[in-house]
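Enquirer: pasted the sequence and its predicted model underneath.
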Amino acid sequence: MTENPLLERARRFVSALRHCHVLGITVHEANRDGMTLVLPYSPAIVGDPQSGVIHGGALTSLMDTACGMATLCALEEFEVCPTLDLRIDYMHPAAPHKPVYGFAQCYRVTTDVIFTRGFAYQDDPQQPIAHVVGTFMRMGKRLKGTQGLGDTIKGAQA
């Protein structure tokens, strides 16, 4: 086990998500301040074959996943927290042939909803590709042992 249990838990969580396998999304960093994921550049995520620009859907998947996984940074134990709302403001296209990093953090946690914000960037976090805000419903620990993702991630609490 690593010295950062949150990072280990995040890696287990992302390994259970099929879309992360398909897109190649991995955990770059995880701590109490937030979650950073990385989307590697590949021909499969290109939206414009002539320019090589990454498709907005791939960036949306990256940022939805980063925001959803940021809940791991704010909660003591795993809870199922599906996306309620996600807003992305695109600042400029991602440069072709470079990975995209997605950072997200929780800025408010209530009994029922978790509020997140973040940004996507390539070389410099001060030059974001996109900004994101999202809300996630707290379904509670009661679903932790149900079939599906809860069972898959049960070991991620360690």
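Expert: Okay, I see it. Residues are numbered from 1 along each chain as shown.
Enquirer: helix, strand or coil for the most far-flung residue of the chain relative to its centre?
Expert: Distance from the C-alpha centroid of the chain, by C-alpha atoms, centre = their mean, peaks at residue 50 (28.3 Å). Assigned with DSSP: H, G, I helix; E, B strand; the rest coil, residue 50 falls in the coil class.
Enquirer: can you tell me how far it sits from residue 38?
Expert: To residue 38, residue 50 is 25 Å away according to C-beta to C-beta, to the nearest Å. All C-beta atoms are positioned from the backbone trio N, CA, C, and that covers glycine.
Enquirer: wait, is residue 20 part of a strand?
Expert: No: assigned with three-state DSSP, residue 20 falls outside any strand and is helix.
Enquirer: is it correct that it is in contact with residue 13?
Expert: No: the criterion here is C-beta atoms under 8 Å, and residue 20 misses it with residue 13 at 9.1 Å.
Enquirer: so where's this protein shaky on pLDDT?
Expert: The model of the chain has pLDDT under 70 over residues 1-2, 141-158.
Enquirer: contacting residues for the residue nearest the centre of it?
Expert: In the chain, the residue lying closest to the centroid (C-alpha atoms, centre = their mean) is residue 66, at 1.5 Å. Counting by C-beta atoms under 8 Å, 6 or more residues apart in numbering, residue 66 makes contact with 35-37, 102-104, 118, 132.
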